[in-house]
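Undergrad: what's the 3D shape of this:
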Amino acid sequence: DTCVAVADCTNTVNTGGGGCVTMSISVNGQVFWKDMILGRCTALSASSQHLIMGTADGTLYPYSTCPTTGFSSGFVIRCSPPLILGSPISALKLVDYSTPQSSSMASSSVPKSLSRTEMLVI
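TA: Presented below is the predicted three-dimensional model:
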């Protein structure tokens, strides 16, 4: 069986003129997680373990998931406070990289490779 995880953000406008964003993660069509944020989503990007949403007021909301099963677990947390850049976010890109360790550094308690995620914000 293939497990498909989908990240979605939906903008809604309140009668007073303000708006909010509903972020959700669904796995095989079933919603496992939701978060509501004031503002308007303008960009959304995901990598194997990170999800980030950018808003019209220039705020980035970073999320993370389970390192072993990824977003298919339906488990999501805010991994840091919002990052306020001050200018509207028009595009985001997350890229995962894995760097192999030298055999002299590798041991049974140390992973064979180090991973990192880089973020591009426009």
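
Undergrad: mind listing what the nearest residue to Arg40 once chain neighbours are set aside touches?
TA: Residue nearest to Arg40 in three dimensions, not counting chain neighbours: Ala56, with 4.4 Å by CB to CB, 6 or more residues apart in numbering. All C-beta atoms are positioned from the backbone trio N, CA, C, and that covers glycine. Taking CB atoms under 8 Å, 6 or more residues apart in numbering, we find Ala56 in contact with 39-40, 42, 88-89.

Undergrad: just the terminal-to-terminal distance for stretch 82-90.
TA: Its first and final residues considered, stretch 82-90 spans 17 Å by CA to CA, to the nearest Å.

Undergrad: of the contacts of Ala56, which belong to strands?
TA: Thr42 (DSSP state E).

Undergrad: just among the contacts of Ala56, which is most surrounded?
TA: The most crowded member of those is Ile89, carrying 21 neighbours; neighbours defined as other CB atoms under 10 Å.

Undergrad: I'd assumed Thr55 was in contact with it.
TA: Yes - taking contacts as CB atoms under 8 Å, Ile89 lies within contact range of Thr55: 6.3 Å.

Undergrad: what residues are shared contacts of those two?
TA: Jointly contacting Ile89 and Thr55 under the rule CB under 8 Å, 6+ apart are Thr42.

Undergrad: show me what the residue nearest in space to the middle of the chain is bridged to.
TA: In the chain, the residue lying closest to the centroid (CA atoms, centre = their mean) is Leu51, at 0.7 Å. Per DSSP bridges, the residues bridged to Leu51 are Ala46, Tyr63.
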